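Asker: Give the three-dimensional model of this entry:
(2 chains)
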Amino acid sequence: MLSAQNLTKQYGFFTALHPLDLTVNPGDIYCLLGANGAGKTTTINLFLGFIAPTSGKVFINGLDVQENLIQTKKFIAYIPENLMLYPTLTGLENLRYFSELAGKKYNLSQLSAFLEEAGLQTEAFHKRVRTYSKGMRQKVGIAIALAKDARALLLDEPTSGLDPQASNEFSALLLQMKQKGMATLMATHDLFHA
Amino acid sequence: MRTLLVMLWFEWLNLFRNRLVIVLAVLLLGSAYFAAYNGSKRVQKQQIILQKVKQTENTWYAENKQRLDSIEKGLRQVPKEWYKDPTNPLVLGAVRGAGKYAVLPPKPMGLLSTGQSDIFPFYSKVSFFAENAAQDNENFENPFNTALGEFDLAFVLVFLLPLLIISLGYDVFSAEREQGTLRLVMAMPVQLTKWLFQKILFRYLLLSLLATIILAAVLLSFAISPFSLSFVYLIISTLLYTLFWFSAAFIVNLWQRSSAFNAAALLSLWIFFAIIAPGTVNLMAFTLYPVPSRVVYVNANRAIDQQLEQQEQTIVANFYAKNPQFKQPAEGSPKTWRERFVETIALREYKIQQQAKLDSSFQQKINQQRQFANRLQWSSPAIVFQQYLNQLAGTDTQTYLLFQAQVADFQRRWEAYFKDKFISQKPITTQDFAQFPQF
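Answerer: Here you go, the predicted model:
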């Protein structure tokens, strides 16, 4: 599902990513472990097409990311370290907005089901996101991935700053998604969770 | 299409919940209403003045017609004093209360813009001996003055509206990046430029709708129908002007810089187009096509008067030679009122010829200045829009110049009519009233 071939990234004279080859198959959870500045986020950004590689190629579902920037994003969902949503919209509205952006059309009960599956409490669905904790926002992020029908999940330090319970809940969600065949690439420096 | 509507709906929710729309609506409504109130006061004042002068004129001519009628019916004697005699062409065409007012009534959309109305006269009294009725004293100055100081609707639309647009559009993209939602959007299968365009488009449509409703409501409250062609033109021009500023905001957003940078860039554009460009055009027009000051004009007029004094005897003698029905009085003998007026008419003919030469040389320079300024109006949409609003309000330079030309023509016809009556020594009758030249 996700693969990198001889992937490198340089910023001027600084090498952010040494040649990298990896493959993440459906149902795999692949962790990029390393200290700050090791190139974890750079790798995620390369998969997302936010930056172009210096050399090598990135593939999502067999498609070259740089050549199919829009197409490849249909297969992936992204949860950054600090997932930010529209604060004036509710969790449900945010989910609907991003689903529509992904070209998916759902009714209210389907959207609610995704939020429920992601573990968000029902009473929070109609509350504005500015009242959400980080853990709740991450759950909306998972719901977006579910609604988007993504086949690969790109996570950049998703548990950093979460309390142990929220962190465990998040890990449980990832395992659920793994069982459904989701390919996950996660950048973290949390050895315990990895 | 459905996705677009959903996107627009979320844009609305975002803006509405941020209270930005409410603040904008209140600001726009408040300033538009205050400006329209100012404009309506100005128009009202003009209407009262015009009503008064027309009333004075009508009363004066009605009284004289009545007196003339009494004389014709033998109910009243012809007064001995020439200046009280209504059969005398000079009494009804030249002296004291005689003369007709040429008026330029305000257009229905007059309250929209002060324009050139504080520079050009909107009424002129035309009579036999009127001094250049078509022009006022201010005429040789500031042909491109767009009355920046007036808080009228044009000011709100030309100057304030772009500021509201800037506040609505400067951070469409940068705010997404700064609040962190951009990364999530970028991870979606959407074209970022298209997505940004949709957001700006929504804001443009929203402000257009807001401006249309507010303008319609404000004008309606001042008894101006929003179902007129002028209103349609006002809305179309406003929407085009709004489109220019939203396009500028879109381009600035595409640079993907910070909100502060975007705000600074758009405000700089506003300062350039709304303040610097009109000022520069004005300055260039004055520098490249200078018009002599009013002092020079007054001095040139004095020179004509001096010339007239020196050649007075020859001019008067020539006039008597051409009009043998008048007998030139012997030198040193006391002159009758008729002889005095014959001399006045003779000298006036000469002065008008000389004055026309002087005026035309000044006018030529003013016209050059105007033409230059008009050509450069395209350097700023703010100037173009302001000029168009002046046209809609009927306070543009062209309207006043046309009025001046019509007044000058009316003056010539009036003078010719009464001069003919005086020279041919025909008394005025009540039948003649219908024949008096009309504006």
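Asker: Burial check on B:Glu415, number of neighbours?
Answerer: Using other C-beta atoms under 10 Å in any protein chain shown as the criterion, B:Glu415 is surrounded by 23 other residues. C-beta: built from backbone N, CA, C; applies to glycine.
Asker: Tell me how far it lies from B:Val91.
Answerer: In this structure, B:Glu415 and B:Val91 are separated by 15 Å, where distance is defined by C-beta to C-beta, to the nearest Å.
Asker: Which positions in chain A make contact with chain B?
Answerer: Near chain B, the residues belonging to chain A are A:48, A:50, A:70-71, A:73-74, A:76-78, A:80, A:82-89, A:93, A:96-98, A:100-103, A:105, A:128, A:141, A:144, A:148, A:154 when assessed by C-beta under 8 Å from any C-beta of the partner chain.
Asker: Return the distance of the longest helix along chain B from the chain's centre.
Answerer: Counting residues, the longest helix found in chain B (DSSP state H) is helix B:20-72. Between the centre of helix B:20-72 and the centre of its chain there are 15 Å (C-alpha atoms, centre = their mean, to the nearest Å).
Asker: again, but for stretch B:317-329
Answerer: Between the mean C-alpha location of stretch B:317-329 and the chain-wide mean there is a distance of 45 Å, by C-alpha atoms, centre = their mean.
Asker: Show the buried residues in the residues of chain A next to chain B.
Answerer: Among these, those classed as buried by 16 or more other C-beta atoms under 10 Å in any protein chain shown are A:48, A:50, A:73-74, A:76-78, A:80, A:83-89, A:93, A:96-98, A:100-102, A:128, A:141, A:144, A:148, A:154.
Asker: Narrow those to those in helices?
Answerer: Secondary structure assignment by DSSP H places A:Leu48, A:Glu93, A:Arg96, A:Tyr97, A:Phe98, A:Glu100, A:Leu101, A:Gly141, A:Ile144, A:Lys148 of these in helices.
Asker: Do I have it right that the last one meets A:Phe98?
Answerer: It stands for A:Lys148. Yes - with contact defined as C-beta atoms under 8 Å, A:Lys148 reaches A:Phe98; the gap is 7.4 Å.
Asker: what's the closest residue to chain B within chain A in contact with, if anything?
Answerer: Closest to chain B within chain A is A:Met84: 3.0 Å, counting by C-beta to the nearest C-beta. When contacts are counted by C-beta atoms under 8 Å, 6 or more residues apart in numbering or on different chains, A:Met84 touches A:Arg137, B:Gln179, B:Gly180, B:Thr181, B:Arg183, B:Leu184.
Asker: May I see the PyMOL selection of the buried members of these?
Answerer: The PyMOL command for the buried members of the contacts of A:Met84 (criterion: 16+ other C-beta under 10 Å) is given here:
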select buried, (chain A and resi 137) or (chain B and resi 181+183+184)
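Asker: want to throw the contacts of A:Met84 into CSV with secondary structure, distance to B:Gly110 and pLDDT?
Answerer: Compiled in CSV, those are given as follows (DSSP: H, G, I helix; E, B strand; the rest coil; distance: C-beta to C-beta, whole Å; pLDDT from 0 to 100):
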residue, secondary structure, distance to B:Gly110, pLDDT
A:Arg137, helix, 57, 93
B:Gln179, helix, 47, 90
B:Gly180, coil, 51, 91
B:Thr181, coil, 48, 93
B:Arg183, helix, 54, 92
B:Leu184, helix, 53, 93
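Asker: now, which of the contacts of A:Met84 sits nearest A:Thr54?
Answerer: Minimum separation from A:Thr54 among these (C-beta to C-beta) is found for B:Arg183, which lies at 21.6 Å.
Asker: All the strands of chain A, in order from the start?
Answerer: Secondary structure of chain A (DSSP state E): strands located at A:2-11, A:14-24, A:29-33, A:55-60, A:63-64, A:76-79, A:152-156, A:183-188.
Asker: could I get the ones you listed as CSV with mean pLDDT?
Answerer: Output for the strands of chain A, formatted as CSV (pLDDT from 0 to 100):
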stretch, mean pLDDT
strand A:2-11, 91
strand A:14-24, 90
strand A:29-33, 91
strand A:55-60, 93
strand A:63-64, 93
strand A:76-79, 93
strand A:152-156, 93
strand A:183-188, 91
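Asker: In JSON lines, list the contacts of A:Met84 along with distance to B:Phe261.
Answerer: Putting the contacts of A:Met84 into JSON lines (distance: C-beta to C-beta, whole Å) gives the following:
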{"residue": "A:Arg137", "distance to B:Phe261": "28"}
{"residue": "B:Gln179", "distance to B:Phe261": "17"}
{"residue": "B:Gly180", "distance to B:Phe261": "18"}
{"residue": "B:Thr181", "distance to B:Phe261": "19"}
{"residue": "B:Arg183", "distance to B:Phe261": "20"}
{"residue": "B:Leu184", "distance to B:Phe261": "23"}
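Asker: out of the contacts of A:Met84, which one sits closest to B:Ser167?
Answerer: Ranking the contacts of A:Met84 by separation from B:Ser167, with C-beta to C-beta as the measure, puts B:Gln179 on top at 17.0 Å.
Asker: Give me the distance between B:Ser117 and B:Val281.
Answerer: For B:Ser117, the distance to B:Val281 - C-beta to C-beta - is 20 Å.
Asker: who's more crowded, the two?
Answerer: Taking other C-beta under 10 Å, B:Ser117 and B:Val281 do not tie; B:Ser117 has more neighbours (25 against 21).
Asker: Tell me which residue lies nearest the centroid of chain A.
Answerer: Of all residues in chain A, the one closest to the mean position by C-alpha atoms, centre = their mean is A:Tyr78, 2.5 Å from it.
Asker: And chain B, by the same measure?
Answerer: A centroid search over chain B (C-alpha atoms, centre = their mean) returns B:Thr395, at 2.5 Å, as the residue closest to the centre.
Asker: How about the contacts made by the nearest residue to B:Asn88 once chain neighbours are set aside?
Answerer: If the residues on either side of it in the chain are set aside, B:Asn88 comes closest to B:Trp82, at 5.7 Å by C-beta to C-beta, 6 or more residues apart in numbering or on different chains. Remark: with contacts taken as C-beta under 8 Å, 6+ apart, B:Trp82 is in contact with B:Asn88, B:Leu90, B:Val91, B:Trp337, B:Arg338.
Asker: pLDDT score for the residue in the stretch 201-350 of chain B positioned nearest to chain A?
Answerer: In the stretch 201-350 of chain B, no residue comes nearer to chain A than B:Gln256, which is 12.7 Å away by C-beta to the nearest C-beta. Among the per-residue scores, B:Gln256 shows a pLDDT of 88.
Asker: show me what contacts it?
Answerer: B:Phe173, B:Ser174, B:Arg177.
Asker: Count residues in the vicinity of the residue nearest to A:Ser133 when sequence neighbours are not counted, would you?
Answerer: Setting aside the residues directly before and after it, A:Ser133 is nearest to A:Ala166 in space (C-beta to C-beta, 6+ apart), at 7.6 Å. By the criterion of other C-beta under 10 Å, A:Ala166 has 18 neighbours.
Asker: Show the contacting residues for A:Ala166.
Answerer: For A:Ala166, the contacting residues are A:Ser133, A:Lys134, A:Gly135, A:Gln138, taking C-beta under 8 Å, 6+ apart as the criterion.
Asker: Do you know the pLDDT at the last one?
Answerer: Translated: A:Gln138. Per-residue confidence at A:Gln138 stands at 90 (pLDDT).
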